[in-house]
Structure formats: structure tokens, C-alpha cells
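[1] any chance you could fold what I've pasted below:
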Amino acid sequence: MARKYFGTDGIRGRVGTGSITPEFIMKLGWAAGRVLSKQGHGTVLVGKDTRISGYMFESALEAGLSAAGVDIGLLGPMPTPAVAYLTRTFHAQAGIVISASHNAFYDNGIKFFSGDGTKLEDDVELAIEAEIDKSMTTVESLKLGKASRISDAAGRYIEFCKSTVPMRMDLEGIRIVVDCAHGATYHIAPRVFEELGAEVISIGVEPDGLNINENCGSTKPEILQASVVELSADVGIALDGDGDRLIMVDAEGNLVDGDQILYVIAMSRLFEEQLDGSVVGTVMSNLGLEHALKEQGIGFCRSKVGDRHVMNMLRESNWSLGGESSGHIICLDRTSTGDGIVAALQVLYAMVSSHKALDQLLKGLTLYPQTLINIPLDIPFNFDESEIVKAAMHEAEYQLGDTGRILLRASGTEPLLRVMVEGSDGHLVQKQADLLADAVREATLSHSAQSA
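    Numbering: from 1, shown residues only. The predicted structure follows:
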């Protein structure tokens, strides 16, 4: 069944519009409470990032859950993966995160975790949607849910993060610049690395409700790159607003994306004989990663874009390591969801245990040149049925041969068609991407004219 409100990662949008209003969020809390109360009694934990609207939506969720007779544990500013972890350890019935991840402050959203710290099953989301469309009621006063604040949540999560690497790991002598994007990790990530012995220089740790992800964090790492070089740091760590995405920087100021991070962790696991099965990427993962892993005898599989799809493939195959180029890294042998801090710790462990700098750990990986062109779509367009596009794709595939790859994909969040071409020859990749994009534009114009 098609979802009416939930997307691939909860509900997200501009504050004050659509589903991102206090009225709707209160109704969502009530609907979720109604569904969860049918499955048994238990507290629902609520965490948020640092954007200003989080206060408003925290109160709205609290009111809705209470009206449904569900107790609430308020975590305050807390990374998304921390809410997943705390939901498990507190034996809570569910966890809710108020966050729009890497988006600007004027957006917000709601994400849910089940009691075992994973995304809600489809049938539970559909049941919540069915309740939303009903008239809101309130349980009798004797059964109203109670709310309490959990004061030691940050400390619990910090200790968990440290437990995901061997106790013998010591970061003494390593200088790290950590960019917390003025987001939910601002009071947690620096402490994790400091308590493991590193010298930490923190940036993006002064949230004011409006500056989350603003020219900082994993989507805007330029300041981090400059800081690593200027401060002669060994490594830079950039997290996004809710802490589930990681981008790193080596000592020379070079970006290290999710594909490269996956490679480092996979090779470290392989060396220690701890790699369970194949590595999972997405259709957007660089072909160079696939080839480098296969040269080491490591299988590589691709899911659809989205950490939810990566997670599903890992669980179905009983594997442990996967992620996206954007920096969502999932280490299922350590935690139940994508976690930027945990992933960074795995890379730091690889550096310490091998006595190698980050750039040295990447010597066996050569990323292929990749060109991505976004083409706006005025009206829906099925490019699979276009003879113009099919001919252009056939020609591009012929020109690239076995050393290249083509992907046409409709965006799941914007009216765009994404044209991606990659291969060993950068000039050829750019040429074929431009030709294919021109063919798509021609086909869309023809389609628009026919539909007029």
C-alpha cells in the first residue's frame, strides 16, 4: 500500500507547511501512541536535534502521546543513532527523533525507531497513518501518559560509542578536528574522542537553533578541510545535524567520502577476520569501490538509494557492513542503525591498529571519475519508454565498455531526473554524461509538447 504521510525516512518538510505543523505532529504522536498501546505498555523516548522548531514539536508529540495514554521519556538534543541505542537499552516501546538531518533549520521532520532500535516495519507505519485520519480522542485522566526527562542519556550513549572499539585502543598523540554541524552531536562527539585520549579541536558546537548545518558539517566540509591543514591535525571528522552521516578529511585536507570510509572499515575487518559476508553499497556507490573490494576477495552488492534499503539488504543476507557515498555508514556488528560517531571510531581504530595515516589506508582504492547531472522535470516522464534516451544510453554504454557505468534515476524528493555516468576515463565520462543529458532534455521537451 502507498503511504500517505511517511516517506522513505519518516516525515520531513518545511516547518509550518504540509505535515510539519504543531497540529499534525500532535495528531501523529496520538496516532503513534494508539498503535503502540495496542502492542503493549511501555515508554516512548523522544529526542531531537538543535533546530529551533524542535521545542515546539517536542511539546506537540508529548501532548499527543499523553492523550493516547503513553508515557514519554524526553532525551533533549540527542543524535538519531543515540535515540536508536537508548530505545533498546531502556527497553522502550519505541523511539522518536525530531530532526531534518542535514537540511537547513527551516525544515524539520519525525523519524521512528522500533523497540529494537531499527526503523519501523511498513505495517506499523501504515497502521499509524490509518489512525491519523481518525478523530482525535483523549483517554480518561487516570490513564494519561506521564512525561519525564532522562538526565543521563548523553553519558550512556558516550559510553556505548567507546565500547564499539577495543578497550586497548588509545588515541593519545592523535589530533582530530571535529565538526558537529551545530547539531545534535555538539555535546557528545568531542567528549567521545577526548575520553579515548585524542587531542580534539571542536567546531560547529555552538547551536543557536538557526545555524544547524549552516556552512558546516558533512554537507559543507570546506571549513573543516582548511582547519585540518591549518592546525596540522591528523584527521578531520564531519557529522551532519542529527549525527547519522559521516565525512572525513585526511591530514592533507582531502575529503574522504562514504565509499572510501566503507573501504577502510572493510579492509580493517578483513585483516582481523571480522568481516561478515559481502559489503552493501547503493546504485550510486563508486565503481572503484566495487573493483577494489573484489580484488581483495570481498563481495559487493548494490541496493536502491537510501539507508533503509541498505539496511534491508544487510539484514536479509545476515551481513554487517554497508553504506552510502553520502556518508551513511552501517556497522551492524556494532549497532542497529547508521551512526557517524561509531563509523568514525572504526576508521580511527584502523589507523591506530595499522599505524598508518588515513591516506595510506586508502592506497588500494582508486575512485573512478563520476559525473552527476540533475535535469528538472516539469511533468512526470518515463524515460524507459523514450527511444531517444534508449539510443543515447546504448551508445554511451558502447563507448564506456566494461570500465564504465550509467545510471538514470528519478529523484525521490525533487522533480528531477538524475543522470550519472562514471568510468576510468574522466574526459569520456564527462562527454557521455553531457550527451546523455542532452538526449534526456530533448526527450522531455518532446514529451511536454505531446502532453500539452
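
[2] Met420 in helix, strand or coil?
    Using DSSP: H, G, I helix; E, B strand; the rest coil, the three-state assignment for Met420 comes out as strand.

[3] now it: closest residue in space, sequence neighbours ignored.
    Using Cβ to Cβ, 6 or more residues apart in numbering and skipping the chain neighbours, the partner closest in space to Met420 is Leu407 (4.3 Å). (C-beta placed from N, C-alpha, C; glycine too.)

[4] ok, the one you found - contacts?
    Contact criterion Cβ atoms under 8 Å, 6 or more residues apart in numbering gives Val283, Met284, Arg418, Val419, Met420, Val421 as the residues in contact with Leu407.

[5] show the pLDDT at it.
    On pLDDT, Leu407 comes in at 91.

[6] how about whatever helix or strand it lives in: buried residues?
    With the criterion set as DSSP states H and E, the secondary-structure element containing Leu407 is strand 404-410. With burial defined by 16 or more other Cβ atoms under 10 Å, the residues of strand 404-410 counted as buried are Gly404, Arg405, Ile406, Leu408, Arg409.

[7] cool, and stretch 109-119?
    Applying a neighbour-count criterion of 16+ other Cβ under 10 Å, the buried positions in stretch 109-119 are Gly109, Ile110, Lys111, Phe112, Phe113, Ser114, Gly115, Gly117, Thr118, Lys119.

[8] wasn't the fifth one part of a helix?
    What that stands for is Phe113. No - Phe113 sits outside any helix when classified using three-state DSSP, being strand.

[9] how near is it to Gly258?
    Computed as Cβ to Cβ, to the nearest Å, the Phe113 to Gly258 distance reads 22 Å.

[10] Asn211: what's it in contact with?
    When contacts are counted by Cβ under 8 Å, 6+ apart, Asn211 touches Phe105, His182.

[11] repeat that for 7 Å
    Asn211 makes contact with His182, according to Cβ atoms under 7 Å, 6 or more residues apart in numbering.

[12] does it lie in a helix or a strand, and which?
    In the assignment (DSSP H and E), Asn211 maps to no helix and no strand.

[13] domain assignment for the chain?
    According to the domain assignment given by automatic domain parsing, the chain is divided into the following structural domains: 11-152, 159-361, 370-451.

[14] on that earlier part again, which one among the contacts of Leu407 gets closest to Ala198?
    For these, the residue nearest Ala198 by Cβ to Cβ is Met284; the value is 31.7 Å.

[15] quick check: the closest one vs Ser268, distance?
    Between Met284 and Ser268 the distance, using Cβ to Cβ, works out to 23 Å.

[16] next one: Gly115
    Applying Cβ to Cβ, the value for Gly115 to Ser268 is 31 Å.

[17] ok, Ala63 next?
    Distance, Ala63 to Ser268, using Cβ to Cβ: 47 Å.

[18] repeat that for Leu345.
    In this view, Leu345 and Ser268 are 11 Å apart by Cβ to Cβ.

[19] if we can go back for a sec, can you list the strands that the strand holding Leu407 pairs with?
    Paired with strand 404-410 in the same sheet, following DSSP bridges, are strand 416-423 (antiparallel).

[20] what's downstream of the strand it pairs with, the next helix or strand?
    On the C-terminal side of strand 416-423, the closest following helix or strand by DSSP H and E is helix 426-451.

[21] that following helix - contacts with which helices or strands?
    strand 370-376, helix 387-400, strand 416-423 (3 or more Cβ pairs under 7 Å, 6 or more residues apart in numbering; DSSP states H and E).

[22] tell me the most buried of the ones you listed?
    For those, the stretch with the most neighbours on average is strand 416-423, a mean of 23; neighbours defined as mean count of other Cβ atoms under 10 Å.
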